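Student: sequence unknown, structure follows:
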């Protein structure tokens, strides 16, 4: 008996997911699960659905590429929303990742639950994503050993203590901390405070906060300066209490480095309410996005947090890994300090 000729593909754009379901003899939801990978479908049913997709010439939003390349054309951005994180700046990073992923025809699955290793395992096992980008990296991040074992490639925005076997990109926060101290020292300031992230960020041993502190302390030590380091909470009252305690303990304090975007405006307001003029009495330099530094009065001398550049590098490295190409394990972006109205020579 002669086999019937294979079904001719129908022109792209005329076939719906319902047509595929009828052709394969399954529910529409089953076709959706096969194409998205959101649920486990038996191998036989999956093959029947994919055969119908090919026979009918069905092209879902990203399905044709997924069928041809065995990829989902989706990457996961793992951004756990934790205490002490400043959402507007985090969204700058997320936006940069999404925008640059689209340059490579990839969509982004945003994972915000703080599930640690289990969350990574769940996303990786679902076959929903081709690779992962992870943020809020801790110095001894428990997710890092798992990333070394996964089939999917990954990139960390941030640096753990041990980077062997993983790919990392971030601003060189240690150099940024040193640069702020050097800028103030060159202006004659010898008693400097670091107002850092909220206490919860240090308790998690988050990489960017620890590295900034390490750079600050190293520069103070090398230059023979006096210093104090304090966490700073995000609410106005907490910032005021922190500044008041610092000035009571260190009346000669003449300069402050702020590494806490959410507290920048509160720190300036607290100094003013306590009778300290910026920059005449106290110079202030921040590590923050330019729009944060420029929207306050006086405008802040600052080291830019380059969310767009970091996101672009992360996606480009992930795409290279997806294509089997070599990448640098560690990429530190050089910081740049822009002097503005908030710093001046010590009187």
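Tutor: Great, that's in hand. Quick caveat: nothing in here was measured; it's all calculated off a predicted structure.
Student: burial count for residue 332?
Tutor: For residue 332, the neighbour count with other Cβ atoms under 10 Å is 16. Using the backbone N, CA and C atoms, a C-beta is placed for each residue, glycine as well.
Student: what about it, which SS state?
Tutor: strand (DSSP: H, G, I helix; E, B strand; the rest coil).
Student: I'd say it and residue 158 touch.
Tutor: No. Taking contacts as Cβ atoms under 8 Å, residue 332 lies outside contact range of residue 158: 11.2 Å.
Student: overlap in contacts of these two?
Tutor: Shared contacts of residue 332 and residue 158 (Cβ atoms under 8 Å, 6 or more residues apart in numbering): residue 170.
Student: which element is the spatially closest residue to residue 176 that is not a sequence neighbour on?
Tutor: Spatial nearest neighbour of residue 176, chain neighbours left out: residue 335 (4.0 Å); criterion: Cβ to Cβ, 6 or more residues apart in numbering. Under DSSP states H and E, no helix or strand contains residue 335.
Student: in this structure residue 335 contacts residue 175, no?
Tutor: Yes. Using Cβ under 8 Å, residue 335 makes contact with residue 175 at a distance of 5.4 Å.
Student: mind checking which helix or strand of the chain has the lowest mean pLDDT?
Tutor: helix 63-69 (a mean of 48; mean pLDDT, DSSP states H and E).
Student: tell me which helix or strand comes right after that one.
Tutor: Once the chain leaves helix 63-69, the following helix or strand, as judged by DSSP H and E, is strand 74-78.
Student: and after that next one, which helix or strand comes next?
Tutor: By DSSP H and E, the next helix or strand past strand 74-78 is helix 87-103.
Student: what angle sits between the helix or strand following that next one and helix 87-103?
Tutor: As assigned by DSSP H and E, the chain's next helix or strand after helix 87-103 is strand 107-111. Counting by axes from the mean of the first three to the mean of the last three Cα atoms, to 10 degrees, strand 107-111 lies at 150 degrees to helix 87-103.
Student: strand 74-78 and strand 107-111, what's the angle between them?
Tutor: Using the same axes, to 10 degrees: strand 107-111 against strand 74-78 is 30 degrees.
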